[in-house]
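Peer 1: below: sequence and its predicted model.
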Amino acid sequence: MLRENIVGESTLLFPFELSEGEKSLAVKENNLLLNMKNNYGVLILAAGLSERMGVPKFLLGYDNSVTFYEKIIDGYLKSGISHMVMVINRDDFKHLNRYKNKIEVVVNDYPGRGRFYSFVTGLKAFGGIKNIFVHNVDNPFVIEPVLNKMISDLKTRHYVVPVYQGKGGHPVLLSSQIVADAVSLYDYNNNIKEYLKKFGRINRVTCRAEVTVNINTPGDYEKFLKGLKSGFYK
């Protein structure tokens, strides 16, 4: 049996046999992590035209009550990270609901310039230099234990990638030094993956298949829904 202790936005689960000293240490470590997260932000990339999907990906339904982008926002808020920037194209802006008040929305008027332009434009919107999680809007999962491990792994001039069975996934965590370098760029003819190769990469191996979700077509979405219904995704 587990006992719940509520600390800030987090719920700590302690076995009954834990000593009071061990519980106190766990609470202090949790509070330290929450304070650290003030130096972290989230960039949600959602400016693509979704031509293969046929509808804006951020409006895809996770279930009957929440869309992908709503679930992403709620997931990061629950994890203790509140500074979020979402890059979206102008045509899709009208579809945003009340959730836009929980984040900063940046309109990309040139979606044809590609993801790297959205990437740099979004990073510039943070104003100050932070460590940034870059989250694709076609992956609705925010897994707090994975985020916490990635934060622990992060080093100067490195980025962290969650890896499931040898396959890299999302979100990707960028160190503040990478963010500072990216916002100084004015050449947008680049590829995010290629750009990051000049920095150190850290793989965070995880047993959570959710990090590899990548939905580009109606077939991908149908497969995702089947996985959700079957319990493959937690």
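Peer 2: That came through, no problem.
Peer 1: quick one: distance of the helix or strand where Gly219 lies to the chain centre.
Peer 2: Using DSSP states H and E, Gly219 maps to helix 218-230. Centroid separation between helix 218-230 and its chain, computed with C-alpha atoms, centre = their mean, to the nearest Å, is 20 Å.
Peer 1: which parts of it are buried?
Peer 2: 221, 224-225, 228 (16 or more other C-beta atoms under 10 Å). (Each C-beta comes from the backbone N, C-alpha and C, glycine too.)
Peer 1: contacting residues around it?
Peer 2: Contact with helix 218-230 is made by 53-54, 60, 62-63, 213-215, 233, as judged by C-beta atoms under 8 Å, 6 or more residues apart in numbering.
Peer 1: those: which two are farthest apart?
Peer 2: The largest separation in these, counting by C-beta to C-beta, is between Gly54 and Tyr233 at 22.7 Å.
Peer 1: which one's more surrounded, those two?
Peer 2: Tyr233 (16 against 10; other C-beta atoms under 10 Å).
Peer 1: is it fair to say Tyr117 lies in a strand?
Peer 2: No - remark: Tyr117 does not belong to a strand; assigned using DSSP: H, G, I helix; E, B strand; the rest coil, it is helix.
Peer 1: begin at 7 from here
Peer 2: Fine by me, first position is 7 from now on; the one you just mentioned is Tyr123.
Peer 1: state the distance from Val167 to Val211.
Peer 2: 10 Å (C-beta to C-beta, to the nearest Å).
Peer 1: looking at the two, which is more packed in?
Peer 2: Legend: neighbour count by other C-beta under 10 Å for Val167 and Val211, higher for Val167 (20 against 11).
Peer 1: three-state assignment of the more buried one?
Peer 2: Looking at Val167 with three-state DSSP, the answer is strand.
Peer 1: dump the residue contacts of the closest residue to it other than its chain neighbours.
Peer 2: Nearest residue to Val167, sequence neighbours excluded (C-beta to C-beta, 6 or more residues apart in numbering): Gly174, at 4.6 Å. Each residue near Gly174 by C-beta under 8 Å, 6+ apart is listed here: 167-168, 209, 218.
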